[in-house]
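# I would like to see how this sequence folds:
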Amino acid sequence: LARILEPADFGLLAMVATLTTFAGLFSEAGLSGAIIQRAEVTDAQLNSLFWLNLAIAGAVTALVAALAPLAAWFYQEPRLLAMTLALALPFAIGGACVQHKALLSRQMRFGVLTLAYTVSLFAGALVSIGLALAGVGYWSLVAGRLAQAVSYTGGLWMACPWRPGRPRRGAGVRGLFVFGVDLTGFNLVNYFARNLDN
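Model (predicted):
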């Protein structure tokens, strides 16, 4: 890709990555870790957490989209508006596989998780290279990121037989949610401790 695209194309992606990397801290809300650490998780809890995760991922997607004009203004780069809007979509897509990833982790099927991630990387790279060769420019990087999110989510859905049902009240997700909030808070503090100087 470095030989096909202009350095400025990668620069655009790096500008958006500042926003999307930070937003990514909130996309799972720590609920994946909450599922993994519990000794027992009921199907009702998984169903409720699935829809909760989907709602949180949708909120993060909407927030990143709402901040797109600010990113374009901050960097004085109008192209970032549409690019940021498009790169908000992987959050919504990824929200649909949090429980599947957590369940595969609980079952210690790390080989499957690694395979799904590796295949998604190859899918994203193939889409990016193909579109870059077609002359699409920086949009090839955006399309590659979207292809990666779709293929990863699809791979986890194929690997994990669990399917979500309707959420129910009284499923007992409060403790899991509190754990997830605490974990997200830790990740946030850790992120700033590692990256504030940058």
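# Could you list every helix and strand in contact with the longest helix seen in the chain?
If you go by DSSP state H, the chain has its longest helix at helix 43-75. Secondary-structure packing of helix 43-75 (3 or more Cβ pairs under 8 Å, 6 or more residues apart in numbering; DSSP states H and E): helix 7-27, helix 31-37, helix 79-87, helix 89-94, helix 98-106, helix 174-195. All C-beta atoms are positioned from the backbone trio N, CA, C, and that covers glycine.
# Is it possible to get CSV of these that adds mean pLDDT?
CSV is the format used below for the helices and strands packed on helix 43-75 (pLDDT from 0 to 100):
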stretch, mean pLDDT
helix 7-27, 78
helix 31-37, 76
helix 79-87, 92
helix 89-94, 92
helix 98-106, 90
helix 174-195, 73
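# Out of the ones you listed, which gets nearest to residue 124?
Nearest to residue 124 among the helices and strands packed on helix 43-75 is helix 89-94 (10.1 Å), distances taken as Cβ to Cβ.
# other SSEs contacting that closest one?
helix 7-27, helix 43-75, helix 139-159.
# Okay, buried residues for the longest one please.
Of the residues in helix 43-75, 44-50, 52-54, 56-57, 59-61, 64-65, 67-68, 71-72 count as buried by neighbour count, 16 or more other Cβ atoms under 10 Å.
# again, but for the last one
Under the neighbour-count criterion of 16+ other Cβ under 10 Å, helix 139-159 has 139-156, 159 buried.
# Also compute the angle for that helix relative to helix 79-87, please.
Angle between the axes of helix 139-159 and helix 79-87 is 10 degrees (criterion: axes from the mean of the first three to the mean of the last three Cα atoms, to 10 degrees).
# Just want the angle from helix 139-159 to helix 98-106.
Using the same axes, to 10 degrees: helix 139-159 against helix 98-106 is 60 degrees.
# Show me what helix 139-159 is packed up against.
If contacts are counted by 3+ Cβ pairs under 8 Å, 6+ apart, helix 139-159 sits against helix 7-27, helix 79-87, helix 89-94, helix 98-106, helix 110-133.
# again, 6 Å this time
Here helix 139-159 is seen to pack against helix 89-94, helix 110-133 when contacts are counted using 3 or more Cβ pairs under 6 Å, 6 or more residues apart in numbering; DSSP states H and E.
# Looking at those helices, which is nearest to residue 6?
Comparing those by Cβ to Cβ, helix 110-133 comes nearest, at 10.3 Å.
# For that closest one, name the packing helices and strands.
On a contact count with 3+ Cβ pairs under 6 Å, 6+ apart, helix 110-133 meets helix 139-159.
# contact partners of the helix it packs on?
Outside helix 139-159, the residues within contact range by Cβ atoms under 6 Å, 6 or more residues apart in numbering are 13, 83, 86, 90, 93-94, 96-97, 100-101, 112, 116, 119-120, 123-124, 127-128, 131-132.
# Mind giving me the PyMOL select for those residues, buried ones only?
Of these, the buried ones can be selected in PyMOL as follows, counting by 16+ other Cβ under 10 Å:
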select buried, resi 13+83+86+90+93+94+96+97+100+101+112+116+120+123+124+127+128+131+132
